[in-house]
Structures are given as C-alpha cells and as structure tokens.
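**Student:** need a 3D model of the following:
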Amino acid sequence: QVQLRESGGGLVQAGGSLRLSCAASGRTFNDYTMAWFRQAPGKEREFVAANTRRLGRTYYSDSVKGRFTISRDGAKNTVYLQMNSLKPEDTAVYYCAAQARSGVTNVDYDYWGQGTHVTVFL
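**Tutor:** I've put the predicted structure just below:
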C-alpha cells in the first residue's frame with residue numbers, strides 16, 4: 001500500500017507560481033511512476049505530468065508543457081509540481097497518483113491522493 005498526501009495548493013493571481021508537493025509513504029517510493037492529474041469543475045480528470053520510475057523520463061500535457069515541471073526527491077519520498085505562468089484555466093483540484101497500470105497519461109493508477117485545490121484568478 002502507498003499513501004499519498006498533496007499540499008501546496010491555494011489562490012494565485014494569473015502569471016504567478018505555485019509548487020505542489022506529494023508526500024508518499026508505504027512501499028518504496030522509487031518503485032513507482034508518479035504523476036499529477038487535475039480535475040476542473042464539471043470536467044473529467046486529465047493528465048498533467050508524470051515521472052517514470054526507471055529512466056526518470058518526464059511527460060507533460062500540451063497545455064502545461066513549458067510552464068510546469070515535475071520532479072521527485074527519493075530521499076524525501078516526495079514528488080513536486082512546479083507551476084509557473086499560471087492561467088485561470090489551470091484552476092482545478094490537483095491529484096497525485098502512483099503506480100501506472102497502463103500508459104502514464106491514462107487515468108489508471110493504483111494509488112491516489114485526496115487532492116489539493118488550485119485557483120488562479122485574473
């Protein structure tokens with residue numbers, strides 16, 4: 001079992017930055033592909049970014065590429081999402097996920113956090 005806990009969400013003005021954190025506990029953190037998803041009101045959960053366990057490759061959705069950065073700290077069992085140049089359309093609940101069952105961009109992970117709210121205003 002893996003427990004995930006997100007933090008770092010909040011209110012930010014458009015153009016600003018936030019850094020989300022996801023602390024993992026349980027099984028060995030470095031065994032898992034880690035990812036961030038988000039869900040805006042009335043919309044489906046969508047992929048944001050992922051970091052694979054073996055080669056450490058990163059993947060981003062087109063909507064955040066160049067603005068968001070995913071990273072992980074094995075010593076702290078924590079994965080981060082640095083979000084820069086935020087836009088109102090980035091407003092959503094952001095979820096951390098671990099252990100992809102199929103492709104890293106699919107909403108098909110074994111473990112999920114409870115989510116953290118991000119609101120971007122003009």
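**Student:** beta partners for the residue most central in space within the chain?
**Tutor:** The centroid of the chain falls nearest to W36 when counting by C-alpha atoms, centre = their mean (2.2 Å). Beta-bridge pairing of W36 under DSSP bridges involves A49, C96.
**Student:** poorly predicted segments of the chain, please.
**Tutor:** By pLDDT under 70, the weakly predicted segments of the chain are 27-29.
**Student:** who does L20 bridge with?
**Tutor:** L81.
**Student:** surely it touches T116?
**Tutor:** Yes - here L20 reaches T116: they are 6.2 Å apart, a contact under C-beta atoms under 8 Å. Placement of C-beta: from N, CA and C, glycine included.
**Student:** so what sits against both of those two?
**Tutor:** Common contacts of L20 and T116 (C-beta atoms under 8 Å, 6 or more residues apart in numbering): E6, S7, G8, G9, Y94.
**Student:** which residue, other than its chain neighbours, is closest to G115?
**Tutor:** Computed as C-beta to C-beta, 6 or more residues apart in numbering, the closest residue to G115 that is not its neighbour in sequence is V93, at 4.2 Å.
**Student:** what do you get for A35?
**Tutor:** Spatially, and ignoring its direct neighbours in sequence, A35 is nearest to A50 (3.8 Å; C-beta to C-beta, 6+ apart).
**Student:** measure the residue nearest to G115 to R57 for me?
**Tutor:** With distances taken as C-beta to C-beta, to the nearest Å, V93 is found 26 Å from R57.
**Student:** L81 too?
**Tutor:** L81 is 16 Å from R57, by C-beta to C-beta.
**Student:** out of these two, which sits in the busier spot?
**Tutor:** Comparing L81 with R57 by other C-beta atoms under 10 Å, the one with more neighbours is L81, at 27 against 11.
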